[in-house]
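>>> fold the following, please.
(one chain, ligands or ions: 1)
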Amino acid sequence: MANSSWYYREMGSRNKKTGKLSYYQVRVTDYKIDDCECPARSFRSYTPCKHMKRLQQKLTHLSI
Ligand SMILES: [Zn+2]
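Coordinates of the predicted model:
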């Protein structure tokens, strides 16, 4: 059976050179926040990154 995944866009850090904000897609699978595309996740894939935590604070019905 396929999981149902969907994505939220979370604001990342501002690029110091261009002044542009970056955004990251945070993945939610079956009401669980389970991944984010930011670079921190590739180093520490077992630790929720700040975008995942921030999303969970906004959407408290989701687990992490
Ligand atoms: Zn992230």
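
>>> now do the buried residues in the lengthiest helix in the chain.
As assigned by DSSP state H, the longest helix anywhere in the chain is helix 50-58. Under the neighbour-count criterion of 16 or more other Cβ atoms under 10 Å, helix 50-58 has His51, Met52, Arg54, Leu55, Gln56 buried. To be clear about C-beta, it is placed using only N, CA and C from the backbone, and glycine gets the same treatment.

>>> same check on stretch 23-39?
Quick answer for stretch 23-39 (16+ other Cβ under 10 Å): Tyr24, Val26, Arg27, Val28, Ile33, Asp34, Asp35, Cys36, Glu37, Cys38.

>>> and these, which is closest to Trp6?
Checking those against Trp6 with Cβ to Cβ, the nearest one is Val28 at 5.5 Å.

>>> got a list of contacts for the lowest-mean-pLDDT helix or strand in the chain?
The helix or strand with the lowest mean pLDDT-type score in the chain, counting by mean pLDDT, DSSP states H and E, is helix 39-43 (a mean of 86). For helix 39-43, contacts defined as Cβ atoms under 8 Å, 6 or more residues apart in numbering pick out Asp35, Cys49, Lys50.

>>> rerun at 6 Å
The contact list for helix 39-43 (Cβ atoms under 6 Å, 6 or more residues apart in numbering) reads Cys49.
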